[in-house]
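Enquirer: starting from these lines, generate the structure:
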Amino acid sequence: MKIIKKILLLLLIVIIIAQFFGPEKNEGDLASVEPFLTETNPPDNIKAILKESCFDCHTNRTRYPWYSNITPVNYWMADHVKHGKKHFDMSNWEGNSVKKKDHKFEELIEMVEEKEMPLPSYTWTHTEAKLSDSQIKDIVEWAKQVRFKYSLEPRPE
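Expert: Here you go, the predicted structure:
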């Protein structure tokens, strides 16, 4: 029994010390999203959906809730944001080719239609980010219009 108490005490000390360390936060400027918004021209309702349901993981600006300061939750969240931006980064839009942008919108349509985005782990704590069927329809229509626009642009061979 004594060894279990020592292990638990050591674990508690490690957890307390870990609270003083954490990953870098994604607290950049939302102005980095302007090129994306200008190019894709979402209507106001889509802008609102993007801001509420997508910006936290897919831009350089994440709104962090209080529990994001708790280790290991902060590492888990940082990993989600890192992967989210890897797959679809609205803050780093300008440097992409038309082909890549079109592909990103193809993936966006697929993920939203299949209700894989926003992630369930995000909507558990951000219930306002959960998309209704009507919102899904609106996003998909907008994304298809953007893809059509990209299809008309010349692509280097």
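Enquirer: so residue 91 sits right up against residue 33, yeah?
Expert: Yes - proximity of residue 91 to residue 33 meets the contact threshold set by Cβ atoms under 8 Å, at 5.7 Å. The way it works is simple: take the backbone N, C-alpha and C, and place the C-beta from them, glycine included.
Enquirer: name the residues contacting each of those two.
Expert: Taking Cβ atoms under 8 Å, 6 or more residues apart in numbering as the contact rule, the neighbours common to residue 91 and residue 33 are 59, 60, 61.
Enquirer: most neighbours among those, which one is it?
Expert: Neighbour counts for those peak at residue 59, which has 26 neighbours (criterion: other Cβ atoms under 10 Å).
Enquirer: so for that one, what's the pLDDT?
Expert: At residue 59 the predicted local confidence, pLDDT, stands at 90.
Enquirer: and it, what is it in contact with?
Expert: Per Cβ under 8 Å, 6+ apart, neighbours of residue 59: 28, 30, 32, 33, 85, 89, 90, 91.
Enquirer: what about residue 58, how many neighbours?
Expert: Neighbours of residue 58 (other Cβ under 10 Å): 23.
Enquirer: same check on residue 81?
Expert: 19.
Enquirer: mind checking how far the strand or helix carrying it is from the chain centre?
Expert: Secondary structure from DSSP states H and E places residue 81 in helix 73-87. With Cα atoms, centre = their mean, to the nearest Å as the basis, helix 73-87 stands 8 Å off its chain's centre.
Enquirer: mind listing what's buried along that helix?
Expert: When neighbours are counted by 16 or more other Cβ atoms under 10 Å, the buried residues of helix 73-87 are found to be 74, 77, 78, 80, 81, 84, 85.
Enquirer: from residue 114, how far out is the closest residue to residue 43 other than its chain neighbours?
Expert: Once flanking residues are discounted, residue 43 sits nearest to residue 142: 7.0 Å by Cβ to Cβ, 6 or more residues apart in numbering. Here residue 142 is placed at a distance of 17 Å from residue 114 (Cβ to Cβ, to the nearest Å).
Enquirer: helix/strand/coil for the closest residue to residue 35 other than its chain neighbours?
Expert: Excluding its sequence neighbours, the residue lying closest to residue 35 (Cβ to Cβ, 6+ apart) is residue 94, at 4.8 Å. At residue 94, secondary structure determined by DSSP: H, G, I helix; E, B strand; the rest coil is coil.
Enquirer: perfect, that will be all.
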